[in-house]
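Asker: please work out how this folds:
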Amino acid sequence: MADTAPRTRPATRPRPPGAELTTDLIVVGGGPAGCAAVRTAAGVGLRTILIEADALCGTLHRIPVLDNVLGGWTGGPELAASIAAEVTGTPLCRLELGSRVTEVHADDDRVTVTVAPAGATAAPAAAAPGTHRESDEVPDPPRESDGVADPPRESGEAPDTPRAAPAPRTFSAPYAVLATGVVLLGPGDVPWITWITGPAGPPPLPLRQTDATVRTILVLGGDRPVGTFLRAHPDARTRLLVAYPPPDAYKTDEVRGDPRVTLLPVEHVRLIRNGPGGVTAELTCRDGERRTVTADAVRTSIGSAPRPPGGALVRAADGYCPPGDQHPRVLVAGDLRAARYQRIMTAMGSGGEAALRAYYASLTP
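Answerer: Sure, this is the predicted structure:
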């Protein structure tokens with residue numbers, strides 16, 4: 001049943017004494033949505049600060065094949081490099097790479113964000129019930145240096161003397177675009193998968209090129225990386241046994257007709273064996289029947305969960321942040337908006353629209 005309980009916006013806090021406007025628009029998140037916001041803002045003369053904890057468009061590097069992006073782009077890494085070059089060359093944009101926003105607060109006349117020092121580990125935002133952050137099996141994209149060298153040590157200070165952590169910084173602007181995106185879910189984040197083969201569980205599907213040489217792969221979940229894998233390896237003879245829960249049914253439509261795919265609707269999957277000799281799993285089917293399947297390897301394609309910073313963001317029951325529920329000065333864009341609109345093109349469009357909303361609102365007395 002849909003969540004119909006009224007949502008209330010977090011109370012605003014008084015801004016710190018002496019805090020002045022830093023820029024015209026703060027953009028949190030350096031994916032396609034955040035980068036589109038920066039470029040659109042520059043086109044109408046708005047100064048921006050883009051804050052990103054890792055590299056620009058890092059997630060695109062995990063998408064080997066594209067077939068739904070205008071401009072002739074066929075690979076995620078190439079598109080990511082092009083976007084990063086454009087944003088880096090935008091004169092009105094100040095980049096804060098390697099910085100992580102920990103809190104967002106909205107006042108009547110501005111938004112203030114708190115930024116953790118480069119290299120600091122921020123406490124993760126509370127996830128929606130039943131969701132957690134990404135499994136350790138999935139490496140984050142390489143973090144870009146922020147170009148700031150460590151300050152020189154005082155005379156006579158021992159090299160191993162601990163230093164106090166730098167104080168968090170704050171930035172403020174009349175509006176902020178929040179486009180922090182999502183993180184992958186691991187098998188321990190969902191109730192329909194159990195396994196007895198170690199604490200980490202099987203890795204995600206699209207990260208290993210050798211998957212294209214495996215004869216049969218049991219895939220847990222029917223998320224879009226299944227289609228990405230098939231498009232990336234059109235000539236591979238790999239057979240995919242895709243076990244997916246009821247909420248994933250609509251996601252399987254794009255691969256339903258591929259002869260390499262066998263769809264297995266399930267209520268529960270229990271991994272019994274996972275090693276060099278192959279994989280054995282017990283499936284509980286929708287009708288309650290149990291069946292055993294074997295494969296050469298197992299991968300996951302479970303889905304994702306939103307990762308908003310703390311503070312002035314209103315979250316729905318599923319953890320996403322509907323744009324219409326937010327403070328008027330907080331503009332949500334990209335995958336953070338909802339689970340069903342996670343495409344590169346829609347992310348770019350929403351980021352550009354958010355920047356224009358801030359621009360036109362700034363023209364209103």
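Asker: so where do the strands sit in the stretch 51-200 of the chain?
Answerer: Using DSSP state E, counting those that start in this stretch, the strands of the stretch 51-200 of the chain run over residues 93-97, 100-106, 111-116, 169-173, 175-178, 182-184, 193-195.
Asker: contacting residues around the helix of greatest length in the chain?
Answerer: Using DSSP state H, we find that the single longest helix of the chain is helix 344-362. The contact list for helix 344-362 (Cβ atoms under 8 Å, 6 or more residues apart in numbering) reads 24-25, 27, 31-41, 44, 46, 60, 66, 68-70, 79, 174-175, 177, 179, 328, 331-335, 337, 341. In this view, the C-beta of every residue, glycine as well, is placed from N, C-alpha and C.
Asker: and the pLDDT for P306?
Answerer: pLDDT, P306: 93.
Asker: revised request: answer the last question for R215.
Answerer: Checking the pLDDT column for R215, the value is 89.
Asker: quick check on it: phi, psi?
Answerer: Backbone dihedrals for R215, given as degrees, to the nearest 10, come out at phi -70, psi -50.
Asker: can you list the weak-confidence ranges in this protein?
Answerer: Applying pLDDT under 70 to the chain picks out residues 1-20, 117-166, 196-200, 206-212.
Asker: helix, strand or coil for D253?
Answerer: What DSSP: H, G, I helix; E, B strand; the rest coil gives for D253 is helix.
Asker: how much space separates it from D107?
Answerer: The gap separating D253 from D107 is 45 Å, by Cβ to Cβ, to the nearest Å.
Asker: for the strands of the stretch 51-200 of the chain, give me JSON lines that also has mean neighbour count and distance to G201.
Answerer: Shown next, in JSON lines, are the strands of the stretch 51-200 of the chain (neighbours: other Cβ atoms under 10 Å; distance: least, Cβ to Cβ, whole Å):
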{"stretch": "strand 93-97", "mean neighbour count": "20", "distance to G201": "31"}
{"stretch": "strand 100-106", "mean neighbour count": "22", "distance to G201": "26"}
{"stretch": "strand 111-116", "mean neighbour count": "24", "distance to G201": "29"}
{"stretch": "strand 169-173", "mean neighbour count": "19", "distance to G201": "37"}
{"stretch": "strand 175-178", "mean neighbour count": "31", "distance to G201": "30"}
{"stretch": "strand 182-184", "mean neighbour count": "21", "distance to G201": "12"}
{"stretch": "strand 193-195", "mean neighbour count": "19", "distance to G201": "6"}
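Asker: could those strands go into TSV alongside distance to A53?
Answerer: As requested, the strands of the stretch 51-200 of the chain are arranged in TSV below (distance: least, Cβ to Cβ, whole Å):
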stretch	distance to A53
strand 93-97	8
strand 100-106	4
strand 111-116	9
strand 169-173	14
strand 175-178	14
strand 182-184	12
strand 193-195	28
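Asker: which of these sits closest to G310?
Answerer: G310 sits nearest to strand 100-106 of all the strands of the stretch 51-200 of the chain, at 4.9 Å, using Cβ to Cβ.
Asker: tell me the angle of the closest one relative to strand 111-116?
Answerer: Angle, strand 100-106 to strand 111-116, by axes from the mean of the first three to the mean of the last three Cα atoms, to 10 degrees: 160 degrees.
Asker: where do the helices sit along this structure?
Answerer: Taking DSSP H as the test, the helices found in the chain are 32-43, 76-88, 225-232, 344-362.
Asker: looking at these, which is buried most?
Answerer: Of the helices of the chain, the one with the most neighbours on average (mean count of other Cβ atoms under 10 Å) is helix 32-43, at a mean of 27.
Asker: looking at D253 and D107, which is more packed in?
Answerer: Ranked by neighbour count (other Cβ atoms under 10 Å), D253 and D107 place D107 first, with 16 against 10.
Asker: nearest residue to the middle of the protein?
Answerer: Nearest residue to the geometric centre of the chain (Cα atoms, centre = their mean): V182, 2.4 Å.
Asker: do you know how far it is from R94?
Answerer: Applying Cβ to Cβ to V182 and R94 gives a distance of 25 Å.
Asker: cool, and L184?
Answerer: Computed as Cβ to Cβ, the L184 to R94 distance reads 30 Å.
Asker: same check on V104?
Answerer: Counting by Cβ to Cβ - V104 and R94 are separated by 18 Å.
Asker: now for V28, how many residues are close by?
Answerer: Applying other Cβ under 10 Å, we find 30 residues neighbouring V28.
Asker: what's near enough to touch it?
Answerer: 34, 51, 101, 104, 113, 176-180, 309.
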